[in-house]
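Colleague: What would the 3D arrangement of this be:
(4 chains, ligands or ions: 4)
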Amino acid sequence: MPEQAVATAVQTTGASRPPAVLMQGIEKRFGAVHANRAVQLRVDSGTVHGIVGENGAGKSTLMSILYGFYEADAGEISIEGVPAKIRGSREAIALGIGMVHQHFMLVDTLSALDNVMLGAEPSWRLAAARAEVRAKLEALMRETGLQVQLDALVHELPVGERQRLEILKALFRGARILILDEPTAVLTPQETEQLFVTLRGLRQRGTTILLITHKLKEIMALCDAVTVMRAGQVVLDTKIADTSIDGLAEAMVGRRVNLGRSGAAAKPGAVLLGAQGLGVVDSLGVARLAEVSLQLRAGEIVGIAGVSGNGQSELLDVLSGLIAPSSGTLTLGGQSFTPQRWLNPRTARALRLAHVPEDRHRRAMVLPFGAWESAVLGHQQQPRYSRWFGWMRQRAMREDTALMMERYDVRPRNPALRSSKFSGGNQQKLVLAREAQFFATEPQVLLVGQPTRGVDIGAIEFIHGRLRAMRDAGGAVLVVSSELDEVLALADRVIVMNAGRISGELPIEQCSEAALGRLMGGAQ
Amino acid sequence: MSQPVELPRWMDVALLPAVNLAIALLVAGGVVALVGFEPLQVLGLLIKGAFGSQAGISYTLYYATTFVFTGLAVAVAFHGGQFNIGGEGQAIMGGLGAGVVALALSEHLPAALMLPLMVLAAAGFGAVWGGIPGALQAWRGSHTVITTIMFNFIASAVVGYLLVNQLKEPGNMTPESRAFADSARLPGVHDVLARIGIEWPSTPLNLSVLLAIAAAVLVWLALWKTRGGYALRAVGFSPDAAVYGGIQPKGLVVMAMAASGALAGLVGVNEIAGVHGRLIPDFVAGAGFAGIAVSLIGRNHPGGIVLAALLFGALYQGGSELAFEISGFSRDMVFMLQGLIVLFAGAMAQVAAPALFKAYKALGGGRHG
Amino acid sequence: QPAVIYDMGGKFDKSFNQAGYEGAERWKKETGKTYIEFEVSNPAQREQAQRRMAQRGADPIVGIGFSQGSSMEKVAKDFPKLKFAVIDAVVKLPNVQSILFKEQEGSFLVGMMAAMASKTGKVGFVGGMDIPLIRRFQCGFEQGAKYANPKVETLANMTGTTPTAWNDPARGAELAKAQFAAGVDVVFAAAGGTGLGVYQSAKDNKKLAIGVDSNQNHLHPGTMLTSMVKRVDVAVYTAFKGVTPGITNLGLKEGGVDIALDEHNAKLVTPEMKKRVDAARADIISGKIKVIDYMVNNTCK
Amino acid sequence: MDEVFIGTLVASTLRVSVPLILCALAGVLCERSGVIDLGLEGKMLLTAFATAAVGVASGSLALALLAALAVGVALSMVHGYACVSHHGDQVVLGMAITMTAAGLSVVLGIAWFAQGGQTPPVPEAVRLSRWFVGAGEVVAQIPLIGPTLSLAFFGHNLMVYGALLLVVGVWWLLYRTRFGLRLRAAGENPTMIDAAGVSVKALRYQALALNGVLSALAGAYLVLAQNPSFIPNMTAGRGYMALAALIFGKWHPVGALWACLLFGFLDAVSIRMQGAELPFIGAVPVQFIQALPYVLTVVLLAGFIGKSVAPAALGRPYVKER
Ligand SMILES: Nc1ncnc2c1ncn2[C@@H]1O[C@H](COP(=O)(O)OP(=O)(O)OP(=O)(O)O)[C@@H](O)[C@H]1O
Ligand SMILES: Nc1ncnc2c1ncn2[C@@H]1O[C@H](COP(=O)(O)OP(=O)(O)OP(=O)(O)O)[C@@H](O)[C@H]1O
Ligand SMILES: [Mg+2]
Ligand SMILES: [Mg+2]
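Modeller: Ligands and ions are numbered 1, 2, ... in the order given. Here you go, the predicted structure:
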């Protein structure tokens, strides 16, 4: 069936102009992993072409090959009808290909301006180069509506702005073919909307766009055609008109998926966690969190919605004991805490509070550790894992890890593999499995940041399922997500944050995109 | 850019180093020939000197003992994310510790109490000398490379002062302390063997060699089998993740540096308690710095470190043998040889890998590898 | 076949090891026989080397430098039939000759010359490391200077606390410059290779310098006032010819230490200087002048 | 007297700092591109030997300098071949270079000059002459501060002023030119540089080449300006002090300059403090005074300088996946 699909696709798109990108019979192996097999990709110029697939399906690899980052083992590539041999990024850039990588390619310690011109400086004297580039960029920003503060250091910029910066970078290099690998994974709905306006604008100007994403809504909203990959192969290649979200989802995962609300309504019970008047002031004296009070009850999922950077992260850090607030109190597991003696991650766990952090690469696991070591991070001193003199029971650790991988379908199912070698989706499942596994015993509090960032829909469905299960087991779950859909799909009660304060709280019944959007904008 | 290839484990840990060593010896041989000596004779003597006789082996092991201590010291700090180049100073302080307790108590205490006490003192002094930079790093963010370099100088100044003004025996030319009583002398291996009736030449090799082996095993267990090691490595790789895991990086950094210093301090046991039997000024003689190379060539793993230490020990002993046997073969040529071998066997360790990999593939290995 | 073992400084340290080397070479030239030698590069090698030589039946075995004393004590015990000699250290064994130099006496004389040659009435001393041996040099130098000119001021500097202090000429030069800035115009260096820096900066700044151990007048004719020669070469030479166990003290009387006068510094040494120095030498030998030996009770008083 | 004291103190500070400054600059360039340099000591030592050897043989300053540069760059290329091309361990390489240099310089010295690794002093023609002596005398006429200024800042050799200019030069190169921008980026995020179509490898080799030149100048200074003959191990640990200085200066050329001047100053002060009788305390043991600079360095570091953050990619060989 795939071959047919490919064939039909190729016929139907018999356009007059040569395709912007034509990749044929692309093969790529990483040792044992067969990342791309006989991949066929045709992208008509001036269109937005979506690429979807599960984590590890081979999307990034394929794009990296197109951008000359990896070398294909076999296959031809032709750009705008001309056969091309792309050995390195330099050639790719010369051919008018630009790529916005899944993990930003920016130097945090340099200014946005310097990042843009790096490698393409018009003059060897920075002053001159900067002046020239700045002029060009300001024009470009006006045309495309991509606004970036050029003189700010990158690490001072919000993710959304970094994203725009990456795109500017590509366009500045005269990209006619623009690759975006999971651009919206880290964007807020607003930012995403803004991005799409930009991309449509670019399409108007004849730019060809390749978009990798795990969010099928975006595909439907933006793309002209879409290619679906599974296990390194193309399984579907079609015009948007001829498909639907469910169709795509089925093609991706090989079965129907349901991301809507499901399960019985919540039956809130006792208060497991209560916070009053939390406030956080950062080193620069800026208030990041102010007068935040909330309660988590057994058997409910509370969603925190809000444009990222409005205090959600600080809230999670405070509640999980990573940082102490400058004001406020917390009651958890019958104990109460004050800023003077705040709980730390260790006591937090002892009081049966689990935490899935937002930044899985920085916090959730130690990337060079084997999966089996990362899989007990935070629980290492449990008697289950450590004996007298802090001697570790490694057998137990390995066995449990294998079990978690089994239960949460972590691929590849190899406890010994380095944590860094797992795809984000799979890393996420592993972390969730770790935080959830002590659930069996007794109800507790679970804090989750961005549960499904960079995760494919199959996994999303699964993860949502687990979270609901924990709620039904009597847990109090707090979900922070920049995905409105996710909040709407999971939460029984939604708290909206703006500028570090709670700008509103709604039971799920009263939640509408519009209502929430207003609150996120700060309207009371 | 040549690709680092993933060799099968056995090649990576066994064959590659062997090949590197071979290359290193070849190059060294070439240079030796250039300077006008007979390469085969030199290399032959180097090896024979290091392993060819009971005395040779003993000296090799004796030097290796010191390098195991300093190598482990570097490795422990390294796993905690710290670069400790203060092994030199920490070893000196270790010697001072051992010396001070010996001078104070060796007349009054039996060996059974004295020796453990000296070991503790050596480790303790070293631990302090490593722990202070650790603490400065943890709470003041002072870079350990700077502080440990400075502490090297300070250590030699302190010991220099004490030897000249306090500990020197009057009327003696030498800035050395008086000899310890026998209870403070760690038995030499030849003594022990003699007691069980085995004839063995008298060499500096002493029971510290067992201490070194024990230290290597303990470090391995501590780093990879205990919660503390787990926490330490977590801090070394990713402090943020460590904090999330309920680990306090500051404390661990200090602990790691202190442990590192303690290991370096044990050099004092080998040299002061084991060999000289008195406190002398220059007993470390660069072993602290050599430890850096030893640790990294041993890939910061106790097993590797023991092997690397043996290599260095062999180079030292074989080297002095060359100086004995070949007239005109100065100790500086020995230094040069040692440098070249570290260069080719250590720093250029990966150069041969791709070729090996090709050969390996050619021989049909590594399908589904 | 005799053997000589140099200490860490190495046989070309421009100091006592080198002097020893010259002595051995002279013996070689005169007798036409050969000898074995070894340069120590870490403390453990001292005993190793002595033992190796002994096992080879080398006789006598000469160890240069005080650090070799303690190890020779062990080795000589184990080889009672062989003869040993150690320079600058005392080993009380029937088969060991301990050769000591009265550095204080030679230093006393150069101290006098320094004080007499100084126009500013300030003389300087630069030592390598702060160790008893060097203090003995310094102590003798200061006594001599005071003896020649009671009002003289002496400044003293030590180079460092690690063995690099013996071959850091750049630092030696800085120390000298600092003393010159403080008004010193004659400087005596007992610091191995570091001394070369001192002599150089004396030349660059048109001041006078005094060499040590071997005759270093030739280095910078015109600014090298003299050298305090310590005849380690003679010691090694005589030891090679035959060891006489016991303690041998070599002072002015025995010609073990002295000042160097040759064509290179002839112009600098006035007859009057020479007269007073010769007188003092005689007085020291006769015992009329008592030169304090720092070693006796670790002070210069 | 007093102005003499201050003047010579400053002058001595400058003289002592110069080799540290040059060496630290070499380190800054190399480490900013992401390559650790623990071999500064060895590079300095071998280039010093090259300067002396060729200086003696040829009697020409130009040739001596040329030889130093050649050796310095050659060593840096070895550095590059092992660490940039073959992802070797950068620390081990540094150690290897230092060990080899220590041996090789003496071996060659003995072979060529038969003075136990020492070289004969280079002829005066090869030495650096003092500059601005005349100007100094003029300045000295200024009342009050005149003599001090004259002693402090005039009549140094060209390399002293050159080193200070080079600080500005390196700063300019790093922060005002395209090359510098790329170099800094290569030390922070090599993958990004690569994605931008610039060769990380080439950048790091260029950085190393400059590193070779600067460490060669440092080595040459020891012979051309300080001691006319090469002496085994005459670097006496300056390479490591330079390393400390560049970290102290937070990998920034000007920061490194201040750190080197600080070291030089503390050193110069301690030299002049030796044997000084302090009130109440009396004569301070010389060892304590000698340790003072190192103690103060630690105190200053812990007390005021605080954290210095290394380039993000420092020490990590850039491995490109294919
Ligand atoms: N550098 C690499 N070395 C080894 N294996 C790799 C490498 N890069 C990718 N792979 C493997 O190739 C497969 C495809 O990876 P790829 O990055 O294309 O997945 P993806 O579709 O981008 O996943 P995601 O949706 O999480 O981004 C994965 O199984 C991955 O394990
Ligand atoms: N060095 C590597 N070795 C082996 N596999 C790798 C390597 N780098 C990446 N991969 C694989 O590439 C795949 C995609 O990883 P990628 O870098 O695209 O991040 P990701 O998996 O998409 O995570 P996220 O979406 O959260 O950023 C993963 O399956 C990962 O296992
Ligand atoms: Mg991807
Ligand atoms: Mg992904």
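Colleague: which one is residue D:162 nearest to, not counting chain neighbours?
Modeller: Distances taken as CB to CB, 6 or more residues apart in numbering or on different chains place residue D:217 nearest to residue D:162, at 7.8 Å, with adjacent residues excluded. All C-beta atoms are positioned from the backbone trio N, CA, C, and that covers glycine.
Colleague: Pretty sure the one you found sits against residue D:64.
Modeller: No: proximity of residue D:217 to residue D:64 does not meet the contact threshold set by CB atoms under 8 Å, at 11.9 Å.
Colleague: Against residue D:239, how distant is the residue lying closest to residue D:113 once chain neighbours are set aside?
Modeller: Here the nearest residue to residue D:113 in space, its sequence neighbours aside, is residue D:119; by CB to CB, 6+ apart that works out to 5.3 Å. Separation of residue D:119 from residue D:239 (CB to CB, to the nearest Å): 20 Å.
Colleague: quick one, which of these two is more surrounded?
Modeller: residue D:239 (30 against 25; other CB atoms under 10 Å in any protein chain shown).
Colleague: Can you tell me the element the more buried one falls in?
Modeller: Counting by DSSP states H and E, the element that carries residue D:239 is helix D:238-248.
Colleague: Could you identify the helix or strand that succeeds that helix?
Modeller: Using DSSP H and E, the helix or strand that follows helix D:238-248 towards the C-terminus is helix D:253-273.
Colleague: now check that following helix, is it near chain B?
Modeller: No: Helix D:253-273 is not in contact with chain B by CB under 8 Å from any CB of the partner chain; minimum separation 9.1 Å.
Colleague: when you compare where that helix runs with where helix D:238-248 runs, what's the angle?
Modeller: For helix D:253-273 and helix D:238-248, the angle between their directions (axes from the mean of the first three to the mean of the last three CA atoms, to 10 degrees) works out to 130 degrees.
Colleague: Can you list the buried residues in helix D:253-273?
Modeller: By neighbour count, and taking 16 or more other CB atoms under 10 Å in any protein chain shown as the criterion, the buried residues in helix D:253-273 are D:253, D:255-272.
Colleague: hang on, the earlier thing: tell me the gap between the helix holding residue D:239 and the middle of its chain.
Modeller: 8 Å (CA atoms, centre = their mean, to the nearest Å).
Colleague: Can you list the helices and strands that it packs against?
Modeller: On a contact count with 3 or more CB pairs under 8 Å, 6 or more residues apart in numbering or on different chains; DSSP states H and E, helix D:238-248 meets helix B:144-161, helix D:2-32, helix D:40-58, helix D:253-273.
Colleague: okay, that helix in CSV with CA atoms only?
Modeller: The C-alpha atoms that make up helix D:238-248 are tabulated as CSV, following Å, rounded to 0.1, in the frame of the first residue of the first chain:
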residue,chain,number,x,y,z
ARG,D,238,55.5,30.0,34.3
GLY,D,239,53.3,28.1,31.8
TYR,D,240,51.1,26.9,34.7
MET,D,241,50.9,30.3,36.2
ALA,D,242,49.8,31.7,32.8
LEU,D,243,47.1,29.0,32.7
ALA,D,244,45.9,30.1,36.2
ALA,D,245,46.1,33.7,35.0
LEU,D,246,43.9,33.2,31.9
ILE,D,247,41.2,31.4,34.0
PHE,D,248,41.5,34.1,36.7
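Colleague: re the thing from before, compare the helices and strands packed on helix D:238-248 and give me the one nearest ligand 3.
Modeller: Using CB to the ion as the measure, helix D:2-32 is the one of the helices and strands packed on helix D:238-248 that comes nearest ligand 3, at 31.1 Å.
Colleague: List the buried residues of the closest one.
Modeller: If you call a residue buried by 16+ other CB under 10 Å, then helix D:2-32 has these buried ones: D:3, D:6-32.
Colleague: Spell out whether it and chain C are in contact.
Modeller: Yes: interface with chain C: helix D:2-32 contributes D:4-5, D:8, D:12, D:15-16, D:19 (CB under 8 Å from any CB).
Colleague: Contact residues of chain C facing chain B?
Modeller: Along chain C, the residues adjacent to chain B under the rule CB under 8 Å from any CB are C:8, C:10, C:36, C:38-39, C:41-45, C:47-49, C:51-52, C:66-67, C:69-70, C:78, C:88-90, C:100, C:129-133, C:161-163, C:295-298.
Colleague: Just the buried ones out of these, please.
Modeller: C:8, C:10, C:36, C:38-39, C:41-45, C:47-49, C:51-52, C:66-67, C:69-70, C:88-90, C:100, C:129-133, C:161-163, C:295.
Colleague: Which members of those residues occur in strands, if any?
Modeller: Judged by DSSP state E, strands contain the following of these: C:36, C:38-39, C:100, C:129.
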